[in-house]
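Chemist: Sequence unavailable; structure follows:
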């Protein structure tokens, strides 16, 4: 009886832990003008780093939250050229629709501009 109880508790514990969000990790968007890297941490933090040939490097840090196919980014800190983001000025989160997400690719649509962004997974693990 004790073995059955331990076995059932183990199963419940495994099920309760669940799978981590497939967004967690590092993603890259390479374009002729430069490269953007986006890292989603398991604790809900994110870092977006953009290296652009003409304007240099910009970094944005904040918090992310996902509800189904909706991704919300709340910007908290910015450095470099990434200072004109509308969500910073309004204090509202940036909302994106996740169009596609699998083990190697993330495609999202900006709810304000309608712009589509394509990211390729760089790493499954978010750097510590």
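Modeler: Cool, the structure landed. No experiment lies behind these values; they were computed from the predicted model shown.

Chemist: Strands of the protein, start to end?
Modeler: Along the chain, counting by DSSP state E, strands occupy 25-31, 34-40, 45-52, 56-67, 70-80, 94-101, 105-110, 116-123.

Chemist: in terms of contact, does residue 76 touch residue 48 like I think?
Modeler: No. The pair residue 76 and residue 48 fails to qualify as a contact (CB atoms under 8 Å) at a distance of 11.6 Å. Glycine gets a C-beta too; all of them are placed from N, C-alpha and C.

Chemist: The residue most central in space within the chain: what's it in contact with?
Modeler: Centroid-nearest residue in the chain: residue 40, 4.0 Å away (criterion: CA atoms, centre = their mean). Residues counted as contacts of residue 40 (CB atoms under 8 Å, 6 or more residues apart in numbering) are 21, 23-25, 27, 46, 64, 126.

Chemist: Looking at those, which is nearest residue 96?
Modeler: Proximity of the contacts of residue 40 to residue 96 (CB to CB) peaks at residue 64, which lies at 9.8 Å.

Chemist: Am I right that that closest one is in contact with residue 71?
Modeler: Yes. Under the criterion of CB under 8 Å, residue 64 makes contact with residue 71 at 6.6 Å.

Chemist: Check the contact lists of these two and give me the overlap.
Modeler: Counting by CB under 8 Å, 6+ apart, the residues touching both residue 64 and residue 71 are residue 23.

Chemist: about what we covered before: check the residue nearest to the centre of the chain and give its pLDDT.
Modeler: Reported pLDDT at residue 40 in the predicted model: 96.

Chemist: Next one: it from residue 71, what distance?
Modeler: From residue 40 across to residue 71, the span is 9 Å (CB to CB, to the nearest Å).
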